[in-house]
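Peer 1: model the following, please.
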Amino acid sequence: MAIYKGQTDQPLVIKLPSAIVTAHFLESEVAANGECGIEVQTRFVAEGSPIKIKIFDGAGTTLETLEGKVFSDTHRRLYRLPNRDLKGALFFEAELPKHGLKLSSQKIKALPYILINPVQILNKDGSTPAEIQGHEELKLEAKIQGAPVGKRGQVSVYLATRTGANHLLYKGESEITQGKISVQWKFKAPEDQSPYASQGQLQPYAEDYATPKIFLRAQCLGVSADSSAIPFVSWIEFDFKQQKGKATFVLPDGSEKKLDVPNNGLIRLEKPKAGVISLKNFEAIGSDGKPLAYVISQSDEPIDAQDQDSDSQNLSDDFAEEAP
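Peer 2: You can find the predicted model right below:
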């Protein structure tokens with residue numbers, strides 16, 4: 001540990017030496033057409049200081065030089081390999097040109113090109129679902145060509161929304177067998193419906209409702225590929241407390257659904273799509289088949305969402321619902 005000494009009542013100026021602490025890849029191996037993470041950790045380096053990353057193949061030939069900046073003593077980025085013969089390895093040199101500092105990373109394995117295609121979400125019988133409702137047994141499958149024997153692949157299931165945000169629903173991995181990875185997955189509708197704005201919420205912004213969709217992403221050795229997106233739908237029940245009548249709902253896409261409520265007060269909406277469901281009005285009908293004197297109109301207060309694991313939703317004072 002450095003020791004600093006000075007005189008009483010005199011300024012003591014201490015110069016802290018800058019340094020590159022570590023320079024490393026975030027993966028230990030990558031395919032020639034894949035991506036890998038690069039991370040450089042520094043010490044006592046000013047915010048926004050320029051940094052250069054020089055990439056080399058296994059023979060020491062320069063592939064390219066990347067430029068960036070250091071923030072919070074860290075520089076981190078994704079690097080896409082140039083899809084060429086890399087002589088079996090890859091490494092980089094990090095340089096802080098204003099500080100006169102350099103540090104080389106470890107070497108990682110650079111493997112040949114691989115192809116991931118097709119990537120599929122399948123039903124148990126091997127067919128492709130037209131839509132996904134919830135609580136279904138599904139098979140996540142991806143064909144991977146060119147990967148060495150014994151390698152493992154990863155699968156991630158995302159729910160995509162109109163904003164382009166992808167919400168992770170599941171992540172797993174499996175060893176590549178007979179040129180593919182296959183994982184069994186039981187889908188459960190997400191409880192949080194807040195990311196899925198309804199048409200009523202979007203209307204002031206001149207935007208249209210978009211049905212959320214589910215897709216699969218397969219990854220192996222830094223290479224990734226996505227499946228086709230499948231619409232996400234579900235169902236929900238409402239309980240009008242044994243009151244017969246006629247109910248009109250406003251669905252997330254802005255359309256209306258009119259249903260007759262039977263004597264037990266239970267009704268079920270099939271495939272209402274994700275987002276807020278509102279009860280526009282409810283006309284109660286007495287035992288004599290005639291309308292009662294009161295009509296329930298739409299309320300602004302939300303009711304907690306219920307999904308297929310629940311019995312039903314009681315409707316008493318509040319009449320907006322989030323569909324799973």
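Peer 1: surely residue 277 forms part of a strand?
Peer 2: Yes - counting by DSSP: H, G, I helix; E, B strand; the rest coil, one finds residue 277 located in a strand.
Peer 1: that one - how many residues pack around it?
Peer 2: Residue 277: 26 surrounding residues under other Cβ atoms under 10 Å. Just so you know, the C-beta spots here come from the backbone N, C-alpha and C atoms, and that holds for glycine as well.
Peer 1: same question for the one 5 residues further on.
Peer 2: As a burial measure, the neighbour count of residue 282 was computed by other Cβ under 10 Å and equals 21.
Peer 1: isn't it right up against residue 241?
Peer 2: No - counting by Cβ atoms under 8 Å, residue 282 stays clear of residue 241, with 11.1 Å between them.
Peer 1: show me the contacts for residue 148.
Peer 2: Taking Cβ atoms under 8 Å, 6 or more residues apart in numbering, we find residue 148 in contact with residue 111.
Peer 1: for the residue lying closest to residue 210 once chain neighbours are set aside, what are its contacts?
Peer 2: Using Cβ to Cβ, 6 or more residues apart in numbering and skipping the chain neighbours, the partner closest in space to residue 210 is residue 162 (3.8 Å). Residue 162 sits next to 197, 207, 209-210, 212 when contact means Cβ under 8 Å, 6+ apart.
Peer 1: can you turn the buried part of the residues you listed into a ChimeraX selection?
Peer 2: To isolate the buried ones among the contacts of residue 162 in ChimeraX, judged by 16 or more other Cβ atoms under 10 Å, type:
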select :197,209,210,212
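Peer 1: residue 87: which of the contacts of residue 162 is nearest?
Peer 2: Using Cβ to Cβ, residue 212 comes nearest to residue 87 of those, at 45.1 Å.
Peer 1: helix/strand/coil for the residue nearest to residue 210?
Peer 2: Classification of residue 162 using three-state DSSP returns coil.
Peer 1: how much space separates it from residue 185?
Peer 2: Using Cβ to Cβ, to the nearest Å, residue 162 is found at 24 Å from residue 185.
Peer 1: and the furthest pair within the contacts of residue 162?
Peer 2: Distance extremes for these: the farthest pair is 207 and 212 at 14.5 Å, using Cβ to Cβ.
Peer 1: for the stretch 51-200 of the chain, which segments count as strands?
Peer 2: 62-70, 74-80, 89-96, 101-104, 108-111, 115-123, 136-145, 152-160, 166-175, 180-187 (DSSP state E, counting those that start in this stretch).
Peer 1: save those strands as TSV, and put in mean neighbour count too.
Peer 2: Output for those, formatted as TSV (neighbours: other Cβ atoms under 10 Å):
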stretch	mean neighbour count
strand 62-70	14
strand 74-80	15
strand 89-96	21
strand 101-104	16
strand 108-111	20
strand 115-123	17
strand 136-145	18
strand 152-160	19
strand 166-175	14
strand 180-187	17
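Peer 1: minimum distance to residue 291: which of those has it?
Peer 2: Residue 291 lies closest, by Cβ to Cβ, to one member of the strands of the stretch 51-200 of the chain: strand 136-145, at 40.5 Å.
Peer 1: now do the closest one: which elements does it pack against?
Peer 2: Judged by 3 or more Cβ pairs under 8 Å, 6 or more residues apart in numbering; DSSP states H and E, strand 136-145 is in contact with strand 115-123, strand 152-160, strand 180-187, strand 213-220.
Peer 1: make TSV from the ones you listed and add distance to residue 71 to it.
Peer 2: Conversion of these to TSV gives the following (distance: least, Cβ to Cβ, whole Å):
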stretch	distance to residue 71
strand 115-123	33
strand 152-160	28
strand 180-187	37
strand 213-220	27
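Peer 1: got JSON lines for these, with mean pLDDT and distance to residue 106 too?
Peer 2: Shown next, in JSON lines, are those (pLDDT from 0 to 100; distance: least, Cβ to Cβ, whole Å):
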{"stretch": "strand 115-123", "mean pLDDT": "96", "distance to residue 106": "26"}
{"stretch": "strand 152-160", "mean pLDDT": "93", "distance to residue 106": "21"}
{"stretch": "strand 180-187", "mean pLDDT": "92", "distance to residue 106": "28"}
{"stretch": "strand 213-220", "mean pLDDT": "95", "distance to residue 106": "21"}
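Peer 1: these: which one's closest to residue 65?
Peer 2: So among the helices and strands packed on strand 136-145, strand 213-220 is nearest, using Cβ to Cβ, at 27.2 Å.
Peer 1: which strands or helices does the helix or strand just after the closest one pack on?
Peer 2: Under the assignment DSSP states H and E, the closest C-terminal helix or strand after strand 213-220 is strand 223-226. Contact analysis of strand 223-226 by 3+ Cβ pairs under 8 Å, 6+ apart lists strand 115-123, strand 213-220 as its packing neighbours.
Peer 1: let me know the angle separating the longest one from strand 180-187.
Peer 2: Put plainly, it is strand 115-123. Computed by axes from the mean of the first three to the mean of the last three Cα atoms, to 10 degrees, the angle separating strand 115-123 from strand 180-187 equals 30 degrees.
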